[in-house]
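**Q** predicted model, plus sequence, below.
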Amino acid sequence: MKISANRPIFLFFTLVAHEIAMYGKKMWIELAVNEHVRRARSAMSHFTPWRGGIRRTSTWAFVVALGSCVLACHASPVLAQTTPQSRPRPLLLAHYMPWYEAAPEQGQWGWHWTMNHFDPNSRSGADEKRAIASHYYPAIGPYDSGDAKVIEYHLLLMKIAGIDGVIVDWYGREEFRDYALLHRNTARLIEQANRLRMRVVICYEDQTIPALVEANRIAADQRVAHAIADLEWLQANWFKEKCYLRFYGKPVLLSFGQSGLSDDEWSETLQAVDGSVAYVSQHHRRSSALGAFDWPVPQEGLAAIDRFERESKTWPLAISVAFPRFHDIYAEAQVHASWGHVADKEGATFRDTFLRAVRGKSAVVQIATWNDWGEGTQIEPSREFGWRDLETIQQYRLQVDRDFPFNRNDLQLPLRLYERRAKSPTPENANLDRLAENLAAGRVQESRRALAVER
């Protein structure tokens, strides 16, 4: 083969061109990463930080994180291929139901365990499972939502999985149905959230207002006045708590459903409290809302997420949703027909919706739900699925946050602590309190030793 005399010159200019191209590519990547960081920080900075604040990783950390997917493939191939690494992560909040009553604590089993059809006092099988209104069974068995050790167990599980806080269903303060009980349980939850450094947001069930009118508890022309009184109470109490999430300095408030106050009534209510809340409605943005939060629609499946993403592009605040399945027991309990079904797909539904949500544009992702056992949307550990969905969240946190202190084995710590509290005499409480608070602060070594969980 004939070799050109000009080849050295050709090779020289080829190398120069290569270096120029690589430098240009490097600069383009750095500019792109900086733009992602700028946009994300602009959005996330509007949330009031928890003491030290939402971790703001440096630009260099984000450049390094771009390559972390390759290193993480061995532990989590699905997450490693799809998790975004070029911006601060969204806040992760789990939708929480405080409505469970258990006989040992309350003297009776509440409707959400029985649905007036199942009898939890009836046991069956080798493991003596109670008959409850769910296709699934909690890892700790059916529990009471007001039990302090249950609340601690739940919040520590969330903390170790990488969830930042809860969005809690709130039905107001009336001594009607189980509303007052839910109110007391929510107060206990907020107390523990402050102690364990977890965020809280209230989701107001304004469907309670038509129910109160129908029961002649309030007059029909007092619908708005009742809502205003509830919001003023929240302003004077829970909105002031250090754990409460704020956006642009305003406490975040969600409302569930469309069957409560009308759009005009919500506008009137918010005007009466001087627009001092960051209001977010469900699915569709009301005229007085900053945006909306998404929720599973079993009749539409994942197609509902497409619609929400299209509609929410220009909203100041959109809250995406991740969920594991939808498998309600209403038909079996003879409450009403089933709302529909979304299959679990051996964890794929949660992985897909979760990853889609965290890599989207929302500054907040809602996990629906932590513990709605009646609709089968829970990610709380169960006999059927174990800790699987929490492991998915934790894998994500480990990839996007190099300082995240927990590992998969640590997910067993809250259960060990719960079991110790159930068996321990009162004098040990102070020691167990210290273990819980160390876990909440990310100081895990002592808890691992005390509760005998491998590193």
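**A** Good, I have the coordinates.

**Q** the closest residue to I367 other than its chain neighbours in helix, strand or coil?
**A** In this structure, I367 finds its nearest non-sequential neighbour in A94, 4.5 Å apart by C-beta to C-beta, 6 or more residues apart in numbering. C-beta coordinates here come from the backbone N, C-alpha and C atoms, glycine included. When classified by DSSP: H, G, I helix; E, B strand; the rest coil, A94 comes out as strand.

**Q** for A94, list each beta-bridge partner.
**A** Here A94 sits in beta bridges with V166, I367, as judged by DSSP bridges.

**Q** F176: how many residues sit nearby?
**A** Summarising burial for F176: neighbours were counted as other C-beta atoms under 10 Å, giving 15.

**Q** now swap in G347 and tell me
**A** 16.

**Q** now it. Its backbone dihedrals?
**A** phi 90, psi -10 (degrees, to the nearest 10).

**Q** ok, it touching T392?
**A** Yes: proximity of G347 to T392 meets the contact threshold set by C-beta atoms under 8 Å, at 7.0 Å.

**Q** chain neighbours aside, what residue packs nearest to D127?
**A** D127 sits nearest to R383 (C-beta to C-beta, 6+ apart), 7.9 Å away.

**Q** ditto for E332
**A** Using C-beta to C-beta, 6+ apart, the closest residue to E332 is H117 (7.6 Å).

**Q** the one you found and A131, how far apart?
**A** Applying C-beta to C-beta, to the nearest Å, the value for H117 to A131 is 9 Å.

**Q** now N185
**A** 23 Å.

**Q** so which of those two has more stuff around it?
**A** N185 (25 against 16).

**Q** let me know the average pLDDT across the helix or strand hosting that one.
**A** Element membership for N185, per DSSP states H and E: helix 179-195. Across helix 179-195, the average pLDDT comes to 97.

**Q** what's the next secondary structure element after it?
**A** Heading C-terminal from helix 179-195 (DSSP H and E), you reach strand 199-204.

**Q** which other helices and strands contact that next one?
**A** strand 91-96, strand 165-170, helix 179-195, strand 250-255 (3 or more C-beta pairs under 8 Å, 6 or more residues apart in numbering; DSSP states H and E).

**Q** quick one: mean pLDDT over that strand.
**A** pLDDT averaged over strand 199-204 gives 98.

**Q** report the distance from it to the chain centre.
**A** 11 Å (C-alpha atoms, centre = their mean, to the nearest Å).

**Q** tell me which helix or strand comes right after it.
**A** Heading C-terminal from strand 199-204 (DSSP H and E), you reach helix 208-214.

**Q** residues touching the closest residue to A220 other than its chain neighbours, list them.
**A** Residue nearest to A220 in three dimensions, not counting chain neighbours: V213, with 5.2 Å by C-beta to C-beta, 6+ apart. By C-beta atoms under 8 Å, 6 or more residues apart in numbering, the contact list for V213 reads A219, A220, R223.

**Q** need the helix or strand of this protein with the lowest average pLDDT.
**A** helix 68-72 (a mean of 30; mean pLDDT, DSSP states H and E).

**Q** where does the stretch 51-200 of the chain have low pLDDT?
**A** The stretch 51-200 of the chain contains residues with pLDDT under 70 at 51-87.

**Q** ok, 50 please
**A** Per-residue confidence for the stretch 51-200 of the chain (pLDDT under 50) gives these ranges: 51-85.

**Q** distance-wise, check S267 relative to S312.
**A** 20 Å.

**Q** which of those two has more neighbours?
**A** When neighbours are counted by other C-beta under 10 Å, S267 and S312 differ, and S312 comes out ahead with 22 against 18.

**Q** that older thread, if any of the contacts of V213 are buried, put those into a ChimeraX selection.
**A** Selection of buried members from the contacts of V213 for ChimeraX, criterion 16 or more other C-beta atoms under 10 Å:
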select :223
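
**Q** include pLDDT, distance to K159 and secondary structure when you put the contacts of V213 into a markdown table, please.
**A** Converted to a markdown table, those look like this (pLDDT from 0 to 100; distance: C-beta to C-beta, whole Å; DSSP: H, G, I helix; E, B strand; the rest coil):
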| residue | pLDDT | distance to K159 | secondary structure |
| --- | --- | --- | --- |
| A219 | 97 | 44 | coil |
| A220 | 97 | 44 | helix |
| R223 | 98 | 39 | helix |
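
**Q** which one of the contacts of V213 is nearest C203?
**A** R223 (18.8 Å; C-beta to C-beta).

**Q** who are the neighbours in contact with the closest residue to that closest one other than its chain neighbours?
**A** The shortest distance from R223 to any non-neighbouring residue, by C-beta to C-beta, 6+ apart, is to I209 (5.2 Å). Contact analysis of I209 by C-beta under 8 Å, 6+ apart lists I218, R223, H226, A227, G260, L261.

**Q** make it 6 Å
**A** Contacts here follow C-beta atoms under 6 Å, 6 or more residues apart in numbering; on that basis I209 touches R223, H226, G260.

**Q** what of T353?
**A** Neighbour list for T353: A322, F323 [criterion: C-beta under 6 Å, 6+ apart].

**Q** switch to 8 Å and redo it
**A** Here T353 is in contact with L302, I305, V321, A322, F323 (C-beta under 8 Å, 6+ apart).

**Q** also F256?
**A** Here F256 is in contact with D169, C203, Y204, E205, D206, Q207, Q282 (criterion: C-beta under 8 Å, 6+ apart).

**Q** do A441 as well
**A** Going by C-beta under 8 Å, 6+ apart, A441 touches R197.

**Q** next one: it from E419, what distance?
**A** For A441, the distance to E419 equals 22 Å [C-beta to C-beta].

**Q** same question, Y396
**A** In terms of C-beta to C-beta, Y396 sits 28 Å off from E419.

**Q** who has more neighbours, the two?
**A** Shown here are Y396 and E419; by other C-beta under 10 Å, Y396 has more neighbours (26 against 14).

**Q** thought that one was touching F350?
**A** No: counting by C-beta under 8 Å, Y396 does not reach F350; the two are 11.4 Å apart.

**Q** identify the contacts common to the two.
**A** Common neighbours of Y396 and F350 (C-beta under 8 Å, 6+ apart) do not exist.

**Q** now for S124, how many residues are close by?
**A** Neighbourhood size, S124 [other C-beta under 10 Å]: 9.

**Q** contacting residues for it?
**A** A131.

**Q** cool, and H117?
**A** A133, E332, A333, Q334, V335.

**Q** mind redoing it with 7 Å?
**A** A133, A333, Q334 (C-beta atoms under 7 Å, 6 or more residues apart in numbering).

**Q** who wins for neighbours among those residues?
**A** A133 (24 neighbours).

**Q** does that one sit in a helix or strand, and which one?
**A** Assigned by DSSP H and E, A133 falls outside every helix and strand.

**Q** what's the separation between it and F118?
**A** For A133 relative to F118 (C-beta to C-beta), the value is 5 Å.
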